[in-house]
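**Student:** Give the three-dimensional model of this entry:
(one chain, ligands or ions: 1)
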Amino acid sequence: MAKVRQSWGSRLGIIMAVAGSAVGLGNFLRFPVQAASNGGGAFMIPYFVSLLLLGIPLMWIEWALGRYGGGFEHGTAPGIFHTMLEKNRFIKYFGVIGIFGPLVIFTYYTYIESWTLGYSVFSVLGSYKGIEDQATMQNFLGAYQGLEKNGFFSSIAPAYFFFLITFSANIIVIYYGIRGGIEKLCKVAMPLLFILGLIIMVRVLTLGTPNALRPGWSISNGMGFLWNPDFSVLAQPKVWLAAAGQMFFTLSVGIGVILTYASYLKKGDDVVLSGLSAVSANEFIEVILGGSIIIPAAFVFFGPVGIKEVAGSGAFNLSFVTMPIIFQKIMFGTFFGAVWFLLLFVAGITSSVSLAQPAIAFLEDEFNIGREKAVKIFGVVAFICCQPAILLLGKGVVNELDFWGGTFCLVLFATIETILFTWVFGMDKAWDEIHHGADLRIPRIYRFIMKYVTPSFLLIILFSWILKDGIPVILMRGVSAADKPYVLGTRIFLIILFVTISIFVKIAWKNRKKKR
Ligand code: PFF
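**Tutor:** The predicted structure follows:
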């Protein structure tokens with residue numbers, strides 16, 4: 001029984017959906033912390049180089065590949081890779097990463113997203129009111145996450161409650177499908193997110209010098225702290241790796257979700273201008289809004305010495321510990337606190353639904369399962385897979401999931417798809433494919449970039465990562481003895497998940513052969 005594949009309702013719809021996937025917690029939390037700790041304004045040099053040589057080419061490649069695969073009724077990487085290189089029996093298994101990676105990120109991303117929902121409710125209810133120092137606010141967060149017992153929360157139940165709401169919200173959106181769920185959500189959520197972001201940014205930029213005794217703790221010095229360049233860092237490979245890693249993560253490329261979204265395009269739909277529009281929206285929100293909120297705000301209240309400690313303690317602390325303290329020090333803080341966490345929640349949910357879609361598309365396309373049933377199966381499996389991140393948080397599990405799902409897989413998958421598209425499929429065909437129905441011609445220099453520069457850059461990153469991070473991570477250097485069993489357990493879990501998806505790919509192809 002042939003089903004009609006789903007499709008986007010409008011061009012604006014898919015641009016909003018891709019921008020929604022790209023704009024997420026990474027823009028508001030990860031980016032400013034990465035920039036502040038990697039040379040400030042100087043970080044923007046490797047960042048923009050990565051944008052031009054990796055981010056934009058990968059975005060075009062994924063849109064074109066996804067639309068191409070969609071034409072063969074394949075919305076995920078195993079099928080798409082297979083159609084490009086039919087003679088190779090193994091290529092489809094490389095595509096497994098394009099379902100596995102998003103699912104792995106989904107398992108911890110939704111939990112973190114649920115904290116933002118919890119904290120927006122706490123802001124309104126005044127639950128953290130009166131806590132004015134970092135240590136106590138940290139205890140509040142620790143108790144919420146079930147990591148400490150200290151009187152704030154007696155169990156993980158509230159966190160679990162907000163997780164259930166967040167998880168269900170995600171499932172409901174994908175249940176309604178591409179057009180009725182994801183597109184509708186993003187068309188409302190993206191403008192809303194933009195307005196909420198502007199409100200917070202304007203509030204932060206008008207903070208002035210709230211502490212009259214410390215005139216140096218001003219918003220302009222706060223912006224200076226983040227943006228004054230330290231060019232000496234550019235000689236460090238680590239800074240370049242951080243910039244490239246941020247680029248993948250923020251644009252949601254190199255993992256399979258854009259492939260899936262683009263597979264619902266029609267053959268004649270433009271990908272060049274649309275892809276570029278989604279990138280531009282993400283970059284504007286990341287650099288302008290993301291770069292003007294948490295770091296400058298924290299500087300104004302904690303000063304040049306305090307900010308170093310705060311920024312060094314990581315993106316989550318800045319968001320869930322430092323920001324709630326700041327909101328108590330400003331007028332209408334309850335309102336701004338609620339807006340801040342709601343902003344993060346809206347940014348988060350438009351990203352997490354995109355992480356769910358590849359698995360759904362795989363079941364629909366390769367097993368001919370109806371959407372409702374596919375979403376139900378996904379719901380059960382994903383719910384189980386989310387449990388380690390929730391129940392074993394603080395035991396190194398999330399770091400491990402993030403390393404494999406959110407870092408390693410991205411670079412590996414991006415390398416494979418780029419080589420497949422520009423070398424195996426061939427640059428001439430690839431160029432024609434990208435320009436089919438295009439409203440804009442890509443400068444010819446990009447033929448050279450996509451064929452030579454992007455893959456070389458990716459291979460360099462891949463190998464330096466394996467050497468620099470991969471080997472120490474595999475050997476669990478820096479993991480405490482107490483956490484080792486959990487980290488090992490996470491790895492076994494990931495291997496089982498990967499093998500299971502591979503087996504499903506095998507079964508799907510067997511069934512297809514039989515049908516022929
Ligand atoms: N781009 C999202 C962010 O910046 O938060 C995170 C993300 C979503 C990464 C979807 C990867 C992905 F496939």
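
**Student:** Give me the contacts around stretch 485-501.
**Tutor:** 96, 99-100, 103-104, 385, 388, 392, 395-397, 400-401, 404-405, 476, 479 (Cβ atoms under 8 Å, 6 or more residues apart in numbering). Glycine gets a C-beta too; all of them are placed from N, C-alpha and C.

**Student:** Swap in 6 Å and give it another go.
**Tutor:** V96, I99, F100, L392, K395, G396, V397, E400, W404, M476, V479 (Cβ atoms under 6 Å, 6 or more residues apart in numbering).

**Student:** need the residues you listed in CSV with secondary structure, can you?
**Tutor:** As requested, those are exported to CSV (DSSP: H, G, I helix; E, B strand; the rest coil):
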residue, secondary structure
V96, coil
I99, helix
F100, helix
L392, coil
K395, coil
G396, coil
V397, helix
E400, helix
W404, helix
M476, coil
V479, coil
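
**Student:** Among those residues, name the buried ones.
**Tutor:** V96, I99, F100, L392, K395, G396, V397, E400, W404, M476, V479 (16 or more other Cβ atoms under 10 Å).

**Student:** Need the pLDDT of the last one.
**Tutor:** On the pLDDT scale, V479 is placed at 90.

**Student:** Turn the contacts of stretch 485-501 into CSV, including distance to F162.
**Tutor:** Formatted as CSV, these follow (distance: Cβ to Cβ, whole Å):
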residue, distance to F162
V96, 32
I99, 27
F100, 27
L392, 18
K395, 21
G396, 23
V397, 19
E400, 23
W404, 26
M476, 31
V479, 29
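
**Student:** which among those are in contact with the ligand?
**Tutor:** Among the contacts of stretch 485-501, no residue lies close to the ligand (Cβ under 6 Å from any ligand atom).

**Student:** Please export the C-alpha coordinates of the host helix or strand of I195 as CSV.
**Tutor:** Assigned by DSSP states H and E, I195 belongs to helix 184-205. Extracted in CSV, the C-alpha atoms of helix 184-205 (Å, rounded to 0.1, in the frame of the first residue of the first chain):
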residue,chain,number,x,y,z
LYS,A,184,2.5,25.2,12.8
LEU,A,185,4.6,25.2,15.9
CYS,A,186,7.6,26.9,14.3
LYS,A,187,5.5,29.5,12.5
VAL,A,188,4.2,30.7,15.9
ALA,A,189,7.2,29.9,18.1
MET,A,190,9.9,31.6,16.0
PRO,A,191,8.4,35.1,16.0
LEU,A,192,7.6,34.6,19.6
LEU,A,193,11.1,33.6,20.4
PHE,A,194,12.4,36.6,18.6
ILE,A,195,10.2,39.0,20.6
LEU,A,196,11.1,37.3,23.9
GLY,A,197,14.8,37.5,23.0
LEU,A,198,14.5,41.2,22.1
ILE,A,199,12.8,41.9,25.4
ILE,A,200,15.5,40.3,27.4
MET,A,201,18.3,41.8,25.3
VAL,A,202,16.9,45.3,25.7
ARG,A,203,16.6,44.8,29.4
VAL,A,204,20.2,43.7,29.7
LEU,A,205,21.6,46.4,27.5
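
**Student:** Tell me if that helix is near the ligand.
**Tutor:** No - Helix 184-205 does not reach the ligand (Cβ under 6 Å from any ligand atom); its nearest approach is 11.9 Å.
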